[in-house]
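Chemist: give me a model of this one.
(2 chains, ligands or ions: 2)
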Amino acid sequence: MKAFAELLTRLAFSPGRNAKLAHLAHYFRDVPDPERGYALAALTGNLDMGTAKPALVRGLVADRVDAELFAMSYDYVGDLAETVALIWPTRQDPRDIGLSEVVEALTGSGKVEAARLIAGWLDALEASERYALIKLVTGSMRVGVSTRMALTALASNGTVPIEEIEELWTGFVPPYLDLFAWVEGGPKPEVLARAPFRPVMLSTPTNEDELAARDPSEYAAEWKWDGIRIQAACEGGAARLYTRTGEDISHSFPDLVERMQFTGTLDGELLVRRDDVVAPFGDLQKRLGRKSPGKALLNSHPAALRLYDVLMWEGKDLRGQPFDARRAALENAVAQMNEPRFDASPLLEFATWDDLAALRANPPDPVIEGVMLKRRDSVYQAGRPRGPWFKWKRDAMTVDAVLMYAQRGHGKRSGFYSDFTFGLWDGEMLVPVGKAYSGFTDEELLRLDRFVRNNTTERFGPVRSLAPKLAVEVAFEGLNRSTRHKSGVAMRFPRIARIRWDKPVEEADVLDTLKALLPPET
Amino acid sequence: MRFEDLLIPKPEGLYCPPGDFYIDPVKPVSRALITHGHADHARSGHAAVMASQQTLDIMAIRYGEDFTKTRQTAEGRTTVGDVTVSFHPAGHVLGSCQIAVEQGGTRAVVSGDYSRVANPACAPFEPVDCDLFITEATFALPVFNHPPPSQEIGRLLDSVREFPERAHLVGAYALGKAQRVIMLLREAGYDAPIFIHGALQRLCDYHIEQGIPLGDLRPATMDKAEAKKLREAVVIAPPSAFASPWVQRFADPVISFASGWMQIRARARQRGVELPLIVSDHVDWPDLTRTLEELNPEEFWITHGRDDALMRWADLTQRKARPLHLVGYEEEGE
Ligand SMILES: [Zn+2]
Ligand SMILES: [Zn+2]
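Modeler: Ligands and ions are numbered 1, 2, ... in the order given. Next comes the predicted model:
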C-alpha cells in the first residue's frame, strides 16, 4: 500500500499532465504484479469489489475516538477519509498490506466481514496508507487521471502504441497480467471483450489560408455539433457508450443504451434533443456524471445521437474503407436502425471554400460550433493525423474584460502570476465572469507578472486581488447559463486573446452585453 | 501558593509578579526571559533580556547588536527578584529552552515551543518535574500525527532521483527548519552541494559556527542558464521566496514545503505545493499528550495554538487545564 499511497499523493498534488504521466509510468514500471494491475483498475474505476459506504468507515472510527475530538478534527480537515486516516490510532506493529490482499478479501464479503477486515487493515497501516485504503474501499479515487492518461503512461513503458492498447482495453480484466506482459514485450492477447472501444480519429484545426491551397471537391463537410463526441458500440447483446477517450458512460444514458439494437460501432455526437430541436450544451451537462438518472430527467432532457461515421457494421471492419464508402454505409445503417433518436449528421452542399465559409458564418442552429472537413478518400485512422480531417470552427466570441484576481501558475509558469479571473462591469461594480490561464508569450507573462506585483490590493492565500487597471480581450467558444456563478453565465474554453494595455478599463464590456449572447432559455 | 501568584497572562505576555519579568512578551517590556529565537517569541526593544547564549546570538543576528540594553546569559539556577529561574533544553530549534520558575517549593515550567523528535541541531527536550506546566498547542489536534522526518526526507530524495532535471525547491523557515532539512538530507547520505536562498545565509553560517555540520552550502544566485544545467539539485528557501521573482530562474521546479501543516491536504493545496513534506519542529498530538502524561503536573495551561481539543482531552483524562488565550504568536511560524 505504501507505493500506491505515495502515487495517490503525488498525483493529487501534481499540477501538470506530464508530471502525472511520469508518476504513473514509474509506478507501473517499478511495482510488481498483481499489485500494479489492481492499482490500474482502481484508477480507471474498474475495481469491482462492492464498495464500503463512508458511513461504515465513520462507524469504525466512532468506536475508537472520542466523538467531540473527532468532530473538531473533521471540522478542521474538511474531508472524511483524510480525517479518519489521520486520527486512527497508530499501532506499533505496522504491516505491509497489498492492494491484492484488499481486493481479494473484500470481493464477495458481507457487510460485517468487510467492516472487520477494514478495521484490521487500518490498524496495521500508517496515515498516508490509511488514506489510500479508505479511498480504495469507498471507491472515491478522484485524482484527475482519465483511462486514457493511465494507458498512455502504461504504453510509455514499452513499444506498443497507445491506440492498440485502447482498442483491446475493455477486454482485459484486473489485475491485467496479460496486458502488462504484452506492453513489456510479451505476446499480443486476443480480443476478449464484447463491444470494445475502438480508438477514435480526431481532427486538427484549420483556417482560410490553409484551405485555400486545397481542392474543395476532395472534401466532404458536415456541421460540428457542440455536444460530446461519442462512440456507440453494440455486439453480442452488449451495448456501450464511450467518450472519445474510452471512458464508458453507458450508465448515464440508459435511454440510449436500450435503443441500441444493432451490431456495430458508430461514431457521433451525443446531444440532448427535443424532437428536432437540439438543446444547448448546458442541458447535456445535466445528464453527464449522473450514475442513474431519474425518470423526470430522462423525460425532460432526452439524449440523442447524431452520427458521423461507422467503424464496424455487422461484423465487418469498415475502417480501411474511404470516407465516402463509410458514409454510404452509415446512411444505410441509420435507415436500417429506424430509431428516431439516432440520425446522421447531414452533409453540406458546397462548391467553393467561400460557399462553405458562408455556411459556417451562418449556421442554421445555435448548437453548431463550426464545420468539419473530411477527405473523401480518408480511412478511419486512430489518433490525430494532420490532413485528412479538419475542424473549422466559427470565430470565437469575444468580450473586453478587466483583470480582477491573479494566482501563480504551475509547472513552466511557476512563480509567475499567470492564472487570472476577469470580470465585466455591472453598474459601478465588476462581476467575475471567468478564469483563464493560456495564451501568453513569455514576454507578456513577465509584463503581466510585474503588473500584478505592482497592483495588488489584497492577498488571500495564493490569490491576489488586483486594482481594476488592465483590460483584456477574452475569447471563448460558447456560453451557458449557470446558477453556480454570480454572473449567471459560464464561458466555455475562455482564453485571453489579447492584453489591452492600451484600453481604458472604463471601456470594457458590461455584463448585459455578455448575457445577450446566451442561447435562448429552454 | 496559588499558581496565579507565580505567573499570570497579561496583554504583553506571560508575567511573573514576584520576579517582575515577562516570558516571550509580544510588546516591549523592562525585563524579558526568552525561550527561543523565533520572531514571534523573541522580539526586539526590551530593556533587559535573559536567554540562552545561542538565543541571544540569534537575536543579535536578526535585530542587530542593539536589540536590548542589557543581556544576560541563562546559566544554572539564577535568582530574579523573588524567584529562581532555570533554562532547560526544549528540542525545538538551536538554543531553544523551557523556562522553570520556582518560589517556595512550587515550580512552574513554561515550555516555549518544543519537540520530542531527535534533532541534530539542538539538545533534546528535557522533562522537568513541575507542579504547573505551561504548554504550547500549535499542533494540538488528534489529526496531527507526524511521520518520522527521515521518511519524509526519503520521499524528497526519491523525487529528486525520479525527476533529476527539475530543481527541487524546498520551502523552510530560516531559523531551525532550514537547517533541520539540510541535516536530514546529510543524514540520508545526500552529500551534493545544497543551494540556499540569501535569506538563510546568516543563520546557516551561525549553525556551522556552533558546530552543526551542514556540509557544502552554495548561494542560490545562479542565472537561468546555470539553473537549467543543474541535476538532482535541492534548493532551500523561505516560503515567501516562492512568490518573488527569485523563483523565476528555475524552469520547471518541484515546489516543496517542509512543515507540520503539510499533513493536511487542504493546507498543502492552499500553498500550491507539489511535494508536501511533513517535517515539524513542534510536538504532534501523540507527543504532546504523552508529555503531559509523563510530567503529570497538578495543572497545565495552554499558551498558544489550539486549545479546544486539548481542553477536551483534559476533561476525558481528568486533568486540570486552563487556556490562556495569549495573542501575538503566529500559527504559521513553523
Ligand atoms: Zn518556535
Ligand atoms: Zn510558537
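
Chemist: is it true that residue A:390 touches residue A:208?
Modeler: No: the criterion here is C-beta atoms under 8 Å, and residue A:390 misses it with residue A:208 at 11.7 Å. Where C-beta positions appear, they are placed from N, C-alpha and C, glycine not excepted.

Chemist: who's more crowded, those two?
Modeler: Legend: neighbour count by other C-beta atoms under 10 Å in any protein chain shown for residue A:390 and residue A:208, higher for residue A:390 (22 against 10).

Chemist: the more buried one should be in a helix, yeah?
Modeler: No: judged by DSSP: H, G, I helix; E, B strand; the rest coil, residue A:390 forms no part of a helix; its state is strand.

Chemist: what sits against it?
Modeler: With contact set as C-beta atoms under 8 Å, 6 or more residues apart in numbering or on different chains, residue A:390 has these partners: A:203-206, A:210-211, A:219, A:372-374.

Chemist: just the buried residues of those residues.
Modeler: Among those, the ones that count as buried by 16 or more other C-beta atoms under 10 Å in any protein chain shown are A:203, A:206, A:211, A:219, A:372-374.

Chemist: circling back: now, which of the contacts of residue A:390 lie within helices?
Modeler: Counting by DSSP state H, the members of the contacts of residue A:390 that fall within helices are A:210-211.

Chemist: now pLDDT too, for the contacts of residue A:390, in JSON lines please.
Modeler: Compiled in JSON lines, the contacts of residue A:390 are given as follows (pLDDT from 0 to 100):
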{"residue": "A:203", "pLDDT": "91"}
{"residue": "A:204", "pLDDT": "87"}
{"residue": "A:205", "pLDDT": "83"}
{"residue": "A:206", "pLDDT": "86"}
{"residue": "A:210", "pLDDT": "86"}
{"residue": "A:211", "pLDDT": "89"}
{"residue": "A:219", "pLDDT": "96"}
{"residue": "A:372", "pLDDT": "95"}
{"residue": "A:373", "pLDDT": "95"}
{"residue": "A:374", "pLDDT": "96"}
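
Chemist: out of the contacts of residue A:390, who's nearest ligand 1?
Modeler: Nearest to ligand 1, judged by C-beta to the ion, of those is residue A:205 at 55.9 Å.

Chemist: mind listing what's buried in stretch B:162-179?
Modeler: Going by neighbour count (16+ other C-beta under 10 Å), the buried part of stretch B:162-179 is B:163, B:166-179.

Chemist: could you confirm whether that stretch reaches ligand 2?
Modeler: No: residues of stretch B:162-179 are not located near ligand 2 by C-beta under 5 Å from the ion, the shortest gap being 10.9 Å.

Chemist: for that stretch, list the C-alpha coordinates in PDB.
Modeler: Only the C-alpha atoms of stretch B:162-179 are listed here, as PDB (Å, rounded to 0.1, in the frame of the first residue of the first chain):
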ATOM      1  CA  GLU B 162      12.900  10.500 -10.200                       C
ATOM      2  CA  PHE B 163      13.000  14.000 -11.700                       C
ATOM      3  CA  PRO B 164      16.700  14.900 -11.800                       C
ATOM      4  CA  GLU B 165      16.300  17.700 -14.300                       C
ATOM      5  CA  ARG B 166      13.700  19.500 -12.200                       C
ATOM      6  CA  ALA B 167      15.200  21.500  -9.300                       C
ATOM      7  CA  HIS B 168      13.500  20.700  -6.000                       C
ATOM      8  CA  LEU B 169      12.700  23.900  -4.200                       C
ATOM      9  CA  VAL B 170      12.000  23.300  -0.500                       C
ATOM     10  CA  GLY B 171      10.300  26.000   1.500                       C
ATOM     11  CA  ALA B 172      11.600  26.100   5.100                       C
ATOM     12  CA  TYR B 173      11.700  28.900   7.700                       C
ATOM     13  CA  ALA B 174      15.000  30.500   8.100                       C
ATOM     14  CA  LEU B 175      15.600  29.600  11.800                       C
ATOM     15  CA  GLY B 176      15.500  25.900  12.600                       C
ATOM     16  CA  LYS B 177      13.500  24.300   9.800                       C
ATOM     17  CA  ALA B 178      16.000  25.100   7.000                       C
ATOM     18  CA  GLN B 179      19.000  23.700   9.000                       C
END
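
Chemist: tell me the pLDDT of the residue of the stretch 401-522 of chain A found nearest chain B.
Modeler: Closest approach between the stretch 401-522 of chain A and chain B, counting by C-beta to the nearest C-beta: residue A:415, at 3.6 Å. Here the pLDDT value assigned to residue A:415 is 71.

Chemist: tell me how far it lies from residue B:249.
Modeler: 9 Å (C-beta to C-beta, to the nearest Å).

Chemist: which SSE is whichever residue of chain A sits closest to ligand 1 in?
Modeler: As assessed by C-beta to the ion, ligand 1 sits closest to residue A:76 within chain A, at 21.0 Å. Per DSSP states H and E: residue A:76 is located in helix A:67-77.

Chemist: and the angle from the next helix or strand after that helix to helix A:67-77?
Modeler: Downstream of helix A:67-77, the next assigned helix or strand under DSSP H and E is helix A:80-87. Helix A:80-87 and helix A:67-77 are oriented at 120 degrees to each other (axes from the mean of the first three to the mean of the last three C-alpha atoms, to 10 degrees).

Chemist: sorry, back to before: looking at the buried ones among the contacts of residue A:390, spot the one nearest ligand 2.
Modeler: Comparing these against ligand 2 with C-beta to the ion places residue A:203 closest, at 59.5 Å.

Chemist: show the contacting residues for that closest one.
Modeler: Taking C-beta under 8 Å, 6+ apart, we find residue A:203 in contact with A:372-374, A:384, A:389-391.

Chemist: how's the chain carved up into domains?
Modeler: Using chain A. Listed by automatic domain parsing, the domain ranges of chain A are A:204-393, A:397-515.

Chemist: look at chain B instead
Modeler: B:3-143+B:282-323, B:149-277.

Chemist: ok, residue B:55 - contacts?
Modeler: Contact partners of residue B:55, counting by C-beta under 8 Å, 6+ apart, are B:34-37, B:42, B:95-97.

Chemist: for residue B:146, that is, sorry about that
Modeler: Counting by C-beta under 8 Å, 6+ apart, residue B:146 touches B:117, B:139, B:260, B:263, B:278-280, B:284.

Chemist: got the residues of the stretch 201-334 of chain B near ligand 2?
Modeler: Within reach of ligand 2 by C-beta under 5 Å from the ion, the stretch 201-334 of chain B has these residues: residue B:329.

Chemist: shaky segments in the stretch 201-334 of chain B?
Modeler: Residue ranges of the stretch 201-334 of chain B with pLDDT under 70: B:330-334.

Chemist: could you measure the one residue in it that gets nearest to ligand 2 against residue B:22, distance?
Modeler: For the stretch 201-334 of chain B and ligand 2, the shortest gap (C-beta to the ion) falls at residue B:329, measuring 4.9 Å. To residue B:22, residue B:329 is 13 Å away according to C-beta to C-beta.
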